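S.K.: The following block contains a protein sequence and its predicted model.
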Amino acid sequence: MAMRFGNHLSMSGRLADAPERGRAIGCRAMQIFSGNPRGWEKAPLDPERVAEFHSAVAKARIDPVVVHATYLINLAAPDDEIYEKSVAALIDEIRRAATLGARFYVVHCGSHKGQGEALGRGRIVQALERAAGEVDLHNGPTILLENTAGTSNSLGTTFEDLAALLDSARVAQLGVCLDTCHALAAGYEIRTLAGVKETLDQFERALGMARLRCLHINDSKGDLGSHLDRHEHIGQGAIGNQGFRNFFSDRRLWNLPAILETPVDSPDDDRIDLWHTVELAVAAGAVPQEWMAFMPTAPVAHEPIGARKAPKRKVPVKAPAKKVLLRNAAAGKKRVAKKKAARRRR
(Lines give C-alpha, C1' and ligand atoms only; values in the text may rest on other atoms or scores of the structure.)
Protein backbone atom coordinates (compact mmCIF):
# COMPACT_ATOMS: atom_id res chain seq x y z
CA MET A 1 0.00 0.00 0.00
CA ALA A 2 1.53 3.28 -1.12
CA MET A 3 0.39 6.72 -2.20
CA ARG A 4 0.47 7.43 -5.94
CA PHE A 5 1.56 10.98 -6.75
CA GLY A 6 1.07 13.03 -9.88
CA ASN A 7 0.39 16.50 -11.25
CA HIS A 8 -2.43 18.37 -12.89
CA LEU A 9 -1.17 18.30 -16.48
CA SER A 10 -1.77 20.51 -19.49
CA MET A 11 -3.92 19.14 -22.30
CA SER A 12 -2.26 21.28 -24.97
CA GLY A 13 -1.34 19.47 -28.16
CA ARG A 14 -2.58 15.91 -28.64
CA LEU A 15 -4.59 14.13 -25.93
CA ALA A 16 -1.80 11.57 -25.66
CA ASP A 17 0.75 14.27 -24.85
CA ALA A 18 -0.55 14.67 -21.28
CA PRO A 19 0.29 11.16 -20.01
CA GLU A 20 3.58 11.29 -21.91
CA ARG A 21 4.43 14.53 -20.12
CA GLY A 22 3.43 12.89 -16.86
CA ARG A 23 5.69 9.92 -17.45
CA ALA A 24 8.58 12.25 -18.26
CA ILE A 25 8.39 13.95 -14.83
CA GLY A 26 7.63 10.82 -12.77
CA CYS A 27 3.82 10.85 -12.41
CA ARG A 28 2.06 7.70 -11.21
CA ALA A 29 -1.32 9.46 -11.25
CA MET A 30 -2.52 12.51 -13.17
CA GLN A 31 -5.29 15.09 -13.32
CA ILE A 32 -6.52 16.92 -16.42
CA PHE A 33 -9.38 19.03 -17.70
CA SER A 34 -11.56 17.30 -20.28
CA GLY A 35 -11.61 20.41 -22.47
CA ASN A 36 -11.33 24.18 -22.32
CA PRO A 37 -11.48 25.02 -18.58
CA ARG A 38 -12.67 28.58 -19.19
CA GLY A 39 -15.54 28.00 -21.60
CA TRP A 40 -18.95 26.34 -21.57
CA GLU A 41 -18.54 24.67 -24.97
CA LYS A 42 -15.99 21.93 -25.63
CA ALA A 43 -14.82 20.35 -28.85
CA PRO A 44 -16.03 16.75 -29.32
CA LEU A 45 -13.55 14.06 -28.31
CA ASP A 46 -12.15 12.35 -31.40
CA PRO A 47 -12.31 8.53 -31.00
CA GLU A 48 -8.88 8.05 -32.60
CA ARG A 49 -7.29 10.57 -30.26
CA VAL A 50 -9.06 9.01 -27.29
CA ALA A 51 -7.62 5.60 -28.23
CA GLU A 52 -4.14 7.17 -28.39
CA PHE A 53 -4.74 8.70 -24.95
CA HIS A 54 -5.71 5.33 -23.43
CA SER A 55 -2.61 3.73 -24.96
CA ALA A 56 -0.36 6.50 -23.61
CA VAL A 57 -1.88 6.19 -20.11
CA ALA A 58 -1.25 2.45 -20.11
CA LYS A 59 2.30 2.88 -21.40
CA ALA A 60 3.04 5.48 -18.71
CA ARG A 61 1.50 3.19 -16.05
CA ILE A 62 -0.56 6.10 -14.74
CA ASP A 63 -3.40 5.14 -12.42
CA PRO A 64 -5.74 6.79 -11.76
CA VAL A 65 -6.68 9.46 -14.25
CA VAL A 66 -8.62 12.27 -12.54
CA VAL A 67 -10.68 14.86 -14.42
CA HIS A 68 -11.26 18.24 -12.79
CA ALA A 69 -14.37 20.31 -13.49
CA THR A 70 -14.02 23.53 -15.44
CA TYR A 71 -13.90 26.83 -13.58
CA LEU A 72 -17.26 28.16 -14.74
CA ILE A 73 -19.38 25.47 -13.08
CA ASN A 74 -21.27 26.70 -10.01
CA LEU A 75 -23.67 24.02 -8.76
CA ALA A 76 -24.96 26.35 -6.02
CA ALA A 77 -25.68 29.29 -8.33
CA PRO A 78 -28.93 31.13 -7.51
CA ASP A 79 -29.10 32.52 -11.07
CA ASP A 80 -31.17 30.08 -13.13
CA GLU A 81 -29.25 30.60 -16.38
CA ILE A 82 -25.85 30.00 -14.75
CA TYR A 83 -27.24 27.06 -12.80
CA GLU A 84 -28.68 25.33 -15.89
CA LYS A 85 -25.43 25.88 -17.79
CA SER A 86 -23.51 24.47 -14.81
CA VAL A 87 -25.66 21.33 -14.61
CA ALA A 88 -25.41 20.78 -18.38
CA ALA A 89 -21.63 21.21 -18.22
CA LEU A 90 -21.43 18.84 -15.24
CA ILE A 91 -23.29 16.10 -17.13
CA ASP A 92 -21.25 16.64 -20.30
CA GLU A 93 -17.93 16.58 -18.43
CA ILE A 94 -18.82 13.39 -16.53
CA ARG A 95 -19.52 11.73 -19.88
CA ARG A 96 -16.21 13.04 -21.26
CA ALA A 97 -14.39 11.81 -18.15
CA ALA A 98 -15.91 8.35 -18.69
CA THR A 99 -14.77 8.38 -22.31
CA LEU A 100 -11.23 9.23 -21.17
CA GLY A 101 -11.27 6.36 -18.66
CA ALA A 102 -11.08 8.63 -15.60
CA ARG A 103 -11.76 7.02 -12.24
CA PHE A 104 -12.66 10.31 -10.53
CA TYR A 105 -14.32 13.58 -11.51
CA VAL A 106 -13.58 16.41 -9.06
CA VAL A 107 -15.93 19.38 -8.76
CA HIS A 108 -16.16 22.33 -6.38
CA CYS A 109 -19.38 22.75 -4.43
CA GLY A 110 -19.82 26.33 -5.59
CA SER A 111 -21.07 29.61 -4.13
CA HIS A 112 -24.60 30.59 -3.12
CA LYS A 113 -23.71 34.25 -3.95
CA GLY A 114 -25.22 35.54 -0.72
CA GLN A 115 -28.60 33.86 -1.20
CA GLY A 116 -28.13 31.48 1.74
CA GLU A 117 -26.54 28.11 2.44
CA ALA A 118 -29.85 26.23 2.43
CA LEU A 119 -30.63 27.34 -1.13
CA GLY A 120 -27.08 26.55 -2.24
CA ARG A 121 -27.12 23.05 -0.74
CA GLY A 122 -30.47 22.31 -2.35
CA ARG A 123 -29.14 23.35 -5.74
CA ILE A 124 -26.03 21.15 -5.37
CA VAL A 125 -28.02 18.10 -4.32
CA GLN A 126 -30.45 18.57 -7.21
CA ALA A 127 -27.55 18.90 -9.69
CA LEU A 128 -25.90 15.70 -8.46
CA GLU A 129 -29.17 13.78 -8.67
CA ARG A 130 -29.85 15.07 -12.18
CA ALA A 131 -26.39 13.98 -13.27
CA ALA A 132 -26.88 10.52 -11.77
CA GLY A 133 -30.19 10.24 -13.61
CA GLU A 134 -28.63 11.01 -17.00
CA VAL A 135 -25.22 9.33 -16.76
CA ASP A 136 -24.45 5.70 -15.93
CA LEU A 137 -22.12 6.36 -13.01
CA HIS A 138 -21.66 2.62 -12.38
CA ASN A 139 -19.56 2.55 -15.56
CA GLY A 140 -18.14 6.04 -15.18
CA PRO A 141 -16.14 8.14 -12.75
CA THR A 142 -16.97 8.66 -9.09
CA ILE A 143 -17.98 12.29 -8.46
CA LEU A 144 -15.79 13.87 -5.78
CA LEU A 145 -16.74 17.10 -4.00
CA GLU A 146 -13.66 19.16 -3.14
CA ASN A 147 -13.40 20.91 0.22
CA THR A 148 -13.09 24.69 0.05
CA ALA A 149 -10.99 27.27 1.90
CA GLY A 150 -14.02 29.04 3.36
CA THR A 151 -14.10 32.06 1.11
CA SER A 152 -17.24 34.20 1.26
CA ASN A 153 -20.48 32.37 0.30
CA SER A 154 -18.69 29.12 -0.59
CA LEU A 155 -20.04 25.71 0.44
CA GLY A 156 -18.20 22.54 1.37
CA THR A 157 -15.72 24.13 3.77
CA THR A 158 -16.33 21.85 6.76
CA PHE A 159 -16.46 18.07 6.84
CA GLU A 160 -19.95 18.31 8.31
CA ASP A 161 -21.10 20.43 5.35
CA LEU A 162 -19.67 17.90 2.89
CA ALA A 163 -21.37 15.09 4.79
CA ALA A 164 -24.72 16.89 4.63
CA LEU A 165 -24.40 17.21 0.86
CA LEU A 166 -23.37 13.60 0.29
CA ASP A 167 -26.02 12.24 2.66
CA SER A 168 -28.79 14.32 1.07
CA ALA A 169 -28.03 13.35 -2.52
CA ARG A 170 -29.46 9.99 -3.51
CA VAL A 171 -26.32 9.10 -5.45
CA ALA A 172 -24.13 6.16 -4.51
CA GLN A 173 -21.06 7.14 -6.55
CA LEU A 174 -20.03 10.15 -4.49
CA GLY A 175 -16.94 10.92 -2.46
CA VAL A 176 -14.56 13.65 -1.33
CA CYS A 177 -11.29 15.08 -2.63
CA LEU A 178 -9.36 16.69 0.24
CA ASP A 179 -7.20 19.68 -0.67
CA THR A 180 -4.40 20.41 1.83
CA CYS A 181 -4.22 24.16 1.09
CA HIS A 182 -7.99 24.51 1.46
CA ALA A 183 -8.05 22.42 4.64
CA LEU A 184 -5.41 24.56 6.36
CA ALA A 185 -7.05 27.79 5.21
CA ALA A 186 -10.39 26.52 6.51
CA GLY A 187 -8.91 25.99 9.97
CA TYR A 188 -7.92 22.31 9.98
CA GLU A 189 -4.46 21.84 11.52
CA ILE A 190 -2.67 19.34 9.26
CA ARG A 191 0.94 20.32 10.00
CA THR A 192 1.54 18.47 13.26
CA LEU A 193 1.20 14.78 14.04
CA ALA A 194 -1.48 15.52 16.62
CA GLY A 195 -3.24 17.91 14.25
CA VAL A 196 -3.26 15.42 11.37
CA LYS A 197 -4.69 12.72 13.63
CA GLU A 198 -7.43 15.02 14.94
CA THR A 199 -8.29 16.30 11.45
CA LEU A 200 -8.64 12.80 10.00
CA ASP A 201 -10.53 11.67 13.10
CA GLN A 202 -12.99 14.50 12.45
CA PHE A 203 -13.28 13.44 8.82
CA GLU A 204 -13.91 9.85 9.86
CA ARG A 205 -16.62 10.87 12.32
CA ALA A 206 -18.38 13.14 9.83
CA LEU A 207 -18.00 11.21 6.61
CA GLY A 208 -16.18 7.93 7.10
CA MET A 209 -12.72 7.35 5.59
CA ALA A 210 -14.21 5.25 2.76
CA ARG A 211 -15.53 8.48 1.26
CA LEU A 212 -12.05 10.02 1.02
CA ARG A 213 -10.97 8.97 -2.46
CA CYS A 214 -8.35 11.48 -3.59
CA LEU A 215 -6.02 14.22 -2.30
CA HIS A 216 -4.94 17.54 -3.74
CA ILE A 217 -1.45 18.28 -2.42
CA ASN A 218 -0.75 22.02 -2.33
CA ASP A 219 1.17 24.24 0.05
CA SER A 220 -0.67 27.37 1.17
CA LYS A 221 0.14 31.06 0.90
CA GLY A 222 -2.36 31.68 3.72
CA ASP A 223 -1.95 30.49 7.31
CA LEU A 224 -4.25 28.36 9.46
CA GLY A 225 -7.82 29.67 9.28
CA SER A 226 -6.98 32.45 6.81
CA HIS A 227 -9.68 31.35 4.29
CA LEU A 228 -7.20 32.30 1.57
CA ASP A 229 -7.38 30.01 -1.47
CA ARG A 230 -3.86 30.53 -2.81
CA HIS A 231 -1.64 27.56 -3.62
CA GLU A 232 2.12 27.58 -3.08
CA HIS A 233 5.05 25.37 -4.07
CA ILE A 234 5.56 22.35 -1.80
CA GLY A 235 7.56 23.31 1.28
CA GLN A 236 7.47 27.04 0.54
CA GLY A 237 4.16 27.92 2.20
CA ALA A 238 2.45 27.79 5.58
CA ILE A 239 2.37 23.97 5.63
CA GLY A 240 6.09 23.55 4.96
CA ASN A 241 8.28 20.48 4.61
CA GLN A 242 7.76 19.18 8.13
CA GLY A 243 4.04 19.76 7.83
CA PHE A 244 3.82 17.55 4.75
CA ARG A 245 6.00 14.86 6.34
CA ASN A 246 3.60 14.80 9.29
CA PHE A 247 0.57 14.77 6.99
CA PHE A 248 1.90 11.90 4.89
CA SER A 249 2.75 9.86 7.99
CA ASP A 250 -0.90 8.96 8.73
CA ARG A 251 -1.49 5.46 7.32
CA ARG A 252 -5.12 6.25 6.56
CA LEU A 253 -3.87 8.23 3.54
CA TRP A 254 -1.55 5.61 2.10
CA ASN A 255 -4.06 4.03 -0.28
CA LEU A 256 -4.95 7.34 -1.98
CA PRO A 257 -3.88 9.05 -5.20
CA ALA A 258 -2.43 12.51 -4.56
CA ILE A 259 -2.47 15.24 -7.20
CA LEU A 260 -0.33 18.38 -7.10
CA GLU A 261 -1.89 21.65 -8.28
CA THR A 262 1.10 23.83 -7.44
CA PRO A 263 2.01 27.03 -9.32
CA VAL A 264 4.01 26.87 -12.54
CA ASP A 265 6.29 29.89 -12.42
CA SER A 266 8.98 28.30 -14.61
CA PRO A 267 8.89 25.36 -17.06
CA ASP A 268 10.45 22.79 -14.69
CA ASP A 269 8.29 23.56 -11.63
CA ASP A 270 5.99 20.53 -12.00
CA ARG A 271 8.90 18.10 -11.96
CA ILE A 272 10.64 19.85 -9.05
CA ASP A 273 7.48 20.00 -6.90
CA LEU A 274 6.61 16.37 -7.65
CA TRP A 275 10.15 15.15 -6.92
CA HIS A 276 10.21 17.05 -3.62
CA THR A 277 6.76 15.77 -2.61
CA VAL A 278 7.69 12.14 -3.23
CA GLU A 279 10.90 12.72 -1.25
CA LEU A 280 8.81 13.95 1.72
CA ALA A 281 6.43 11.01 1.36
CA VAL A 282 9.38 8.59 1.40
CA ALA A 283 10.62 10.20 4.61
CA ALA A 284 7.13 9.70 6.11
CA GLY A 285 6.95 6.04 5.05
CA ALA A 286 4.05 6.62 2.63
CA VAL A 287 6.11 5.69 -0.44
CA PRO A 288 8.87 3.05 -0.84
CA GLN A 289 12.41 4.42 -0.93
CA GLU A 290 13.10 2.69 -4.25
CA TRP A 291 10.54 4.91 -5.99
CA MET A 292 13.03 7.77 -5.82
CA ALA A 293 15.22 5.93 -8.31
CA PHE A 294 12.55 6.45 -10.96
CA MET A 295 12.05 10.18 -10.28
CA PRO A 296 13.86 12.30 -12.89
CA THR A 297 16.39 14.62 -11.32
CA ALA A 298 17.20 16.68 -14.40
CA PRO A 299 15.00 19.11 -16.33
CA VAL A 300 12.94 17.54 -19.10
CA ALA A 301 11.88 18.89 -22.49
CA HIS A 302 8.77 21.02 -22.17
CA GLU A 303 7.76 21.47 -25.79
CA PRO A 304 4.57 19.56 -26.78
CA ILE A 305 5.72 15.96 -27.22
CA GLY A 306 3.46 15.19 -30.17
CA ALA A 307 3.80 18.51 -31.94
CA ARG A 308 6.12 19.36 -34.82
CA LYS A 309 9.09 21.45 -33.93
CA ALA A 310 8.83 25.02 -35.11
CA PRO A 311 11.31 25.97 -37.84
CA LYS A 312 14.42 27.70 -36.65
CA ARG A 313 14.21 31.44 -36.86
CA LYS A 314 16.85 33.29 -38.84
CA VAL A 315 18.96 35.28 -36.43
CA PRO A 316 19.05 38.91 -37.57
CA VAL A 317 22.49 40.28 -38.31
CA LYS A 318 23.50 42.76 -35.66
CA ALA A 319 23.85 46.28 -36.99
CA PRO A 320 27.50 47.43 -36.98
CA ALA A 321 28.54 50.01 -34.46
CA LYS A 322 29.10 53.66 -35.49
CA LYS A 323 32.91 53.40 -35.22
CA VAL A 324 32.90 50.40 -37.53
CA LEU A 325 30.77 52.26 -40.06
CA LEU A 326 33.13 55.24 -40.01
CA ARG A 327 36.18 52.99 -40.31
CA ASN A 328 34.63 51.11 -43.24
CA ALA A 329 33.70 54.40 -44.92
CA ALA A 330 37.26 55.70 -44.56
CA ALA A 331 38.67 52.46 -45.97
CA GLY A 332 36.28 52.70 -48.89
CA LYS A 333 37.41 56.24 -49.68
CA LYS A 334 41.06 55.13 -49.65
CA ARG A 335 40.28 52.31 -52.09
CA VAL A 336 38.49 54.73 -54.41
CA ALA A 337 41.42 57.22 -54.22
CA LYS A 338 43.95 54.44 -55.05
CA LYS A 339 41.93 53.34 -58.07
CA LYS A 340 41.74 56.96 -59.38
CA ALA A 341 45.51 57.41 -58.87
CA ALA A 342 46.22 54.16 -60.76
CA ARG A 343 44.06 55.29 -63.68
CA ARG A 344 45.90 58.66 -63.86
CA ARG A 345 49.28 56.86 -63.98
CA ARG A 346 48.10 54.81 -66.90
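M.R.: Great, that's in hand. Residues are numbered from 1 along each chain as shown.
S.K.: ok, Met106 to Asp201 distance?
M.R.: I think there's a mix-up here, since residue 106 is Val and not Met. 24 Å (CB to CB, to the nearest Å). (Glycine included, C-beta is placed from N, CA and C.)
S.K.: List phi and psi for the nearest residue to Ser220 once chain neighbours are set aside.
M.R.: Leaving aside its sequence neighbours, Ser220 sits nearest to Cys181 (CB to CB, 6 or more residues apart in numbering; 4.1 Å). Phi and psi for Cys181, reported as degrees, to the nearest 10, are phi -60, psi -50.
S.K.: Next: Thr142.
M.R.: phi -80, psi 130.
S.K.: In this model Gln173 seems to touch it, though I could be wrong.
M.R.: Yes - at 4.8 Å, Thr142 counts as touching Gln173 under the criterion of CB atoms under 8 Å.
S.K.: how about the strands in the chain?
M.R.: If DSSP state E is used as the criterion, the strands of the chain fall at 4-8, 29-32, 65-68, 104-108, 142-146, 174-179, 212-217, 219-220, 231-232, 257-260.
S.K.: what sits up against the first one?
M.R.: The set of residues external to strand 4-8 that reach it, using CB atoms under 8 Å, 6 or more residues apart in numbering, is 22, 25, 27-32, 62-64, 68, 217, 256-262, 270, 273-274, 277-278, 281, 287.
S.K.: Repeat the analysis, applying 6 Å as the threshold.
M.R.: Strand 4-8 is contacted by residues 27-31, 257-261, 270, 274, 277-278 when judged by CB atoms under 6 Å, 6 or more residues apart in numbering.
S.K.: List the neighbouring strands of that strand plus their orientation.
M.R.: Strand 4-8 pairs in its sheet with strand 29-32 (parallel), strand 257-260 (parallel), by DSSP bridges.
S.K.: Adding mean pLDDT and distance to Gly222, write those strands out as JSON lines.
M.R.: Formatted as JSON lines, the strands paired with strand 4-8 follow (pLDDT from 0 to 100; distance: least, CB to CB, whole Å):
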{"stretch": "strand 29-32", "mean pLDDT": "98", "distance to Gly222": "22"}
{"stretch": "strand 257-260", "mean pLDDT": "98", "distance to Gly222": "18"}
